[in-house]
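# need a structure here:
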Amino acid sequence: MEAEHPGLARPMSEAPASSATRRVLVFGARGYVGTNLVPRLLHEGVTVRASARTTAPLAARNWPGIEIVQADALVPETLPAALQDVDTAYYLVHSMGAGKGFSKLDLHAAENFARAAADASVRCIVYLGGLFPEDADSEHLLSRRETGIVLRQGAVPVIELRAGIIVGPGSAAFEIMRDLVLNLPMMVTPRWVHRKSPPIALENLLEYLVRLPQVPEALGRIFDSGGPELLTYADMMRTLARLAGKPPPRIFPVPVLTPALSSRWLWLVTAVPTSVARALIGGLKHDFTADDAELRRLVPQRLLNFEESVQAVFDTEDRHEVQARWTEGAYPMRGHRREHAFYAKRADGSAETRASPAAVWQVVKRIGGKNRYYGADLLWWMRETIDWLLGGPGRHRGRRDADELRVGDHVDSWRVVGVEPDRRLTLMMGMRAMGSGVLEFDLEPLANGGTRLTATAYWHPAGVGGLVYWYSLFPAHLLIFDRMTRNICRLAEARGQPSPA
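Residues are numbered from 1 along each chain as shown. Next up, the predicted model:
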């Protein structure tokens, strides 16, 4: 644990406001930890403001009673509104998804945020970083540490919580392991498979994040966090397989296969975004330990072991109810199949029209059956025929009603899972494939009274076969959805009365 912040803006003895009066900003609420932290804070009675670079995914979460704001740490002018009247700001953003050179973006973002937080008189910043071995040299690990340094150089006290592997649905490191274990019976790996780490359950991490800002003694300090066990990655993968009811994978470590080299084929075995997966894999050549005695003294709790943590993931997924629209990782949208990847591959197409959303909806809701799919019908016919030859429902065409849809209806080989008139239609694929597919239509009203229509295919692959299937069809998807949305918009203009421009 490192020294306290040298330039605190407020005395260490100052206690935080009560949960009823505090306004907390979750900056990066769209990400994995933020998505789970927001409902936890709401449960504690905290007034929450959630921010992301795009707000639509936040609105899709249907969190009750929160304020949603658009903000980007790389665009400083968006920060004052997000930080206004904020007591505690959780800084949960990173730029790994940007690929090469992301560390420079991370530091620039941290500088902007620290400055804006000081201008807004924020009481404290809570930053979630990563455990840092002394011999660390990967860009990911160095960037996590340097981001904390930049934040602490500002005037606002920072509580930095460092974590290693987080065991929870959507954690990139955990999902890489899940994709490998549940879909590959045999693995040739680098020697990092025998490196050790103290995985921490999501529930335990959230407890630390919620409680630390309430402890005056924690202000300005850095804490390691970890679970109660120090395990190798091979141990974790074997436990994960056993709890999922799968045979333990056969693991063959190869000395010449480095983490950097192994990361080159990740795109073929995991649906975790490749840039993120490569950044994480690059740091796995180190052993990680957590000196968490002081943290456990300040925030005592029972730490779940790895087996309990994985079981908690599966229990959480099993409790998921049917959803009316697609969101990343939603278990129902993955066909309630553990081996179907949490993260989705996607392809989309969009078009704009002068027709109103109501007019566009009249065309969208008649999809399938005799109307087919408004473009590239030969490609649809080919895919349906292949499914039929494989014993699937691909040639089962038809609808309950030619003009109306309701949840549970079948549209050819699709099943309707969400209907929001004039706004959204969500269909789940019923054809046979190595994964789960969702097709969603979004109707966005425009300022001129017209509509932007977007059709998006989401694919949760099951292992290598599911990823090969997706990549082989990706060019066709781009053609299909571009043509489909344009044709729907043309039909809407022809059928309805266009709104005045």
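
# Next, the buried residues of stretch 58-72.
L58, A60, R61, W63, I66, I68, V69, A71, D72 (16 or more other CB atoms under 10 Å). For glycine as for every other residue, the C-beta is placed from the backbone atoms N, C-alpha and C.

# Now do it: distance from first to last residue.
End-to-end distance for stretch 58-72, by CA to CA, to the nearest Å: 14 Å.

# Name the residues that touch that stretch?
Stretch 58-72 has contacts (CB atoms under 8 Å, 6 or more residues apart in numbering) with 27, 29-30, 35, 38-39, 42, 48-55, 78-79, 81-82, 325, 327.

# Could you pick out the buried ones from the residues you listed?
So, of these, 27, 29-30, 35, 38, 42, 48-52, 55, 78-79, 82, 325, 327 end up buried under the neighbour-count rule (16+ other CB under 10 Å).

# from those, which ones fall inside helices?
Using DSSP state H, the members of those that fall in helices are T35, V38, L42, L79, A82.

# Nearest to H460, out of those: which one, please.
T35 (17.0 Å; CB to CB).

# So the residue nearest to A457 when sequence neighbours are not counted, which state does it fall into?
Take A457 and drop its neighbours on the chain: the residue closest to it by CB to CB, 6 or more residues apart in numbering is A347, 5.1 Å away. Per DSSP: H, G, I helix; E, B strand; the rest coil, the secondary structure class of A347 is strand.

# Model confidence at A347, what's the number?
Listed pLDDT for A347 reads 93.

# mind giving me the domain split of the protein?
23-317, 344-495 (automatic domain parsing).

# for the longest one, how far is the first residue from the last?
I take that to be domain 23-317. End-to-end distance for domain 23-317, by CA to CA: 30 Å.

# and if you look at stretch 94-104?
Using CA to CA, the two ends of stretch 94-104 sit 11 Å apart.

# Repeat that for stretch 428-435.
For stretch 428-435, the separation between the terminal residues is 11 Å (CA to CA).

# Which positions in it come out as buried?
Those would be M428, M429, G430, M431, A433, M434, G435, for stretch 428-435 by 16+ other CB under 10 Å.

# cool, and stretch 445-452?
P445, G450, T451, R452.

# if I pick V468, what's in contact with it?
V468 neighbours (CB under 8 Å, 6+ apart): L268.

# helix/strand/coil for it?
Taking three-state DSSP, the label given to V468 is helix.

# Then V69?
On the basis of three-state DSSP, V69 is classed as strand.

# confidence score at it?
pLDDT, V69: 96.

# what does S103 give?
Model confidence at S103 (pLDDT) stands at 77.

# How about it: what's its closest non-neighbour residue?
Counting by CB to CB, 6+ apart, the residue nearest S103 is S143, at 3.8 Å.

# Over to A116?
A116 sits nearest to L79 (CB to CB, 6+ apart), 3.7 Å away.

# hang on, that neighbour packs against N112?
Yes. Using CB atoms under 8 Å as the test, L79 is close enough to N112 to be in contact (6.5 Å).

# before we move on, which element is H477 in?
helix 463-495 (DSSP states H and E).

# how far out from the middle of the chain is that helix?
23 Å (CA atoms, centre = their mean, to the nearest Å).

# Quick check: which ranges of this structure have low pLDDT?
Residues of the chain meeting the criterion pLDDT under 70: 1-21, 95-101, 136-137, 190-192, 255-264, 275, 278-279, 282-284, 321-322, 496-501.

# if we go to 50?
Counting by pLDDT under 50, the chain has low-confidence residues at 1-15, 17-20, 98, 498-499, 501.

# mind listing the helices for the stretch 151-300 of the chain?
Assigned by DSSP state H, counting those that start in this stretch, the helices in the stretch 151-300 of the chain fall at 172-183, 202-211, 233-243, 259-262, 274-281, 293-298.

# Just the CA trace of the longest one, in PDB.
Spelled out, it's helix 172-183. What follows is helix 172-183, C-alpha atoms only, in PDB (Å, rounded to 0.1, in the frame of the first residue of the first chain):
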ATOM      1  CA  ALA A 172     -13.200  -9.300 -19.500                       C
ATOM      2  CA  ALA A 173     -10.600 -11.600 -17.800                       C
ATOM      3  CA  PHE A 174     -13.300 -13.900 -16.500                       C
ATOM      4  CA  GLU A 175     -15.100 -14.000 -19.800                       C
ATOM      5  CA  ILE A 176     -11.900 -14.900 -21.600                       C
ATOM      6  CA  MET A 177     -11.500 -17.900 -19.300                       C
ATOM      7  CA  ARG A 178     -15.100 -18.900 -19.700                       C
ATOM      8  CA  ASP A 179     -14.900 -18.800 -23.500                       C
ATOM      9  CA  LEU A 180     -11.800 -20.900 -23.400                       C
ATOM     10  CA  VAL A 181     -13.000 -23.400 -20.900                       C
ATOM     11  CA  LEU A 182     -16.500 -24.000 -22.100                       C
ATOM     12  CA  ASN A 183     -15.600 -24.300 -25.800                       C
END
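
# and for it, what are the contacting residues?
With contacts defined as CB under 8 Å, 6+ apart, helix 172-183 is touched by 32, 165-169, 187, 233, 236-237, 240-241, 244, 246, 249, 266, 269-273, 276-277, 280-281, 313, 338-339, 341-343, 462-464, 466.

# Any figure for the gap between the closest residue to T274 other than its chain neighbours and R61?
Of all residues not flanking T274 in the chain, W267 sits nearest, at 4.7 Å (CB to CB, 6+ apart). Distance of W267 to R61, given as CB to CB, to the nearest Å: 28 Å.

# How about R452?
Taken as CB to CB, the span from R452 to R61 is 22 Å.

# same thing with D401?
Taking CB to CB, one finds D401 at 31 Å from R61.

# again with R53
15 Å.
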